[in-house]
Each structure stands twice: as structure tokens, then as C-alpha cells.
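Visitor: missing the sequence, but the structure's below:
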């Protein structure tokens, strides 16, 4: 398929749009020469199918720039389905306080999250989709708020640690497996 993106040759940054609005310009993505993958803008990002996000094609095979960190800036409210999948070497993910929804398979990378720092889920997140956080090594997820609505196997890892603050609500043993 055809995916529109551009390169700023002065900085080495590759960028494009991925918003859910009809013109998709409410959210912009960029991947810089240091491997920092950023989503910025306001509102929801578009949903993708398996391996169909434009940046997936840039990470395949002998890519010259590998995404090593993911920064979702304040203003983004939804991570779309299958937004980050396979072939990444992500070691840190920063999520904004404005985030409300993490889509199906949104942060799904099998063995590619090398030495991943703990993933902090902001208090405003109310929904996490099926297989949203899928990683096959050890992973720590820290929730800042109440347990969100969880899809089937919302989190999956060989070894997973779920942490949440005292006084938050709706946590039970099944939350570890993504079904509350």
C-alpha cells in the first residue's frame, strides 16, 4: 500500500500524519535520527491493522533508523490499534496525562522491547484493548489510577509485574491477565 511520509533532510527526521480526523492532521508522528519516535497533536490517532502503520515499513529489514524510545506528547487521547508492532528496539515509553484509551495491540512488540523501563499508565486511562501491551520478556507496568476496563489479555509478557497505588479501585487477581 501507499503510505505518505516526508523526510526533513536537514535534521534527518521522518514524519507524517496519523490522526483519526478525516484529514488525519490532528496527530503527527516523527522518527528522528536518534531513534526517538514521537506522536504529537490533539485527540485520537487512527487505528491500523496488523503491521500496517506507515512507520512499520520504515522499521523492517535493514532500516537505517531504529525506534528506541516512544514519546506520546500531551494532547494525544488515544493510541490507535496496532500503532506499534514488531521490529522495534524500544527501551522507554512516555505516556501523557491526556491519554484515555490504549487500543487493541497498540504496544505490541514481542521480544523487541530490550531492557524496557517500567511502563507508567496515567490515571486518565479508562480503557485498554485486547493484547494492547504484548511483550515476551519481563515487564513492569505501573498504574497511577483506578483499574481501567481491560480487554482480553490486555497485558502479556513472560513475566509481568502489575503495580498500582493504594486507594485505587477495581483491582483484582484477574487484572493481571487483562480481564477485570
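Guide: Arrived safely, thanks for sending. No experiment lies behind these values; they were computed from the predicted model shown.
Visitor: if I read this right, residue 153 contacts residue 131, doesn't it?
Guide: Yes: Residue 153 is within contact range of residue 131, at 5.3 Å (criterion: Cβ atoms under 8 Å). C-betas here are computed from N, CA, C, even on glycine.
Visitor: Neighbour count: these two, which is higher?
Guide: Applying other Cβ atoms under 10 Å to residue 153 and residue 131 shows that residue 131 carries more neighbours, namely 20 against 14.
Visitor: List the residues that contact that one.
Guide: The contact partners of residue 131, by Cβ atoms under 8 Å, 6 or more residues apart in numbering, come to 104-105, 108, 151-154, 156.
Visitor: Would you show me how to pick out the buried ones of these in PyMOL?
Guide: Selection of buried members from the contacts of residue 131 for PyMOL, criterion 16 or more other Cβ atoms under 10 Å:
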select buried, resi 104+105+108+151+154+156
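Visitor: from the contacts of residue 131, which ones fall inside strands?
Guide: 108, 156 (DSSP state E).
Visitor: What is the nearest of the contacts of residue 131 to residue 92?
Guide: residue 108 (16.6 Å; Cβ to Cβ).
Visitor: What distance do you get for the residue nearest to the closest one when sequence neighbours are not counted to residue 155?
Guide: In this structure, residue 108 finds its nearest non-sequential neighbour in residue 134, 4.0 Å apart by Cβ to Cβ, 6 or more residues apart in numbering. In this structure, residue 134 and residue 155 are 8 Å apart, going by Cβ to Cβ, to the nearest Å.
Visitor: which residues in the protein form helices?
Guide: Ranges of helices within the chain are 54-59, based on DSSP state H.
Visitor: Tell me if I'm right that residue 120 and residue 97 touch.
Guide: No: using Cβ under 8 Å as the test, residue 120 is too far from residue 97 to be in contact (10.5 Å).
Visitor: more crowded one of those two?
Guide: Neighbours were counted for residue 120 and for residue 97 using other Cβ under 10 Å; residue 120 has more, 14 against 10.
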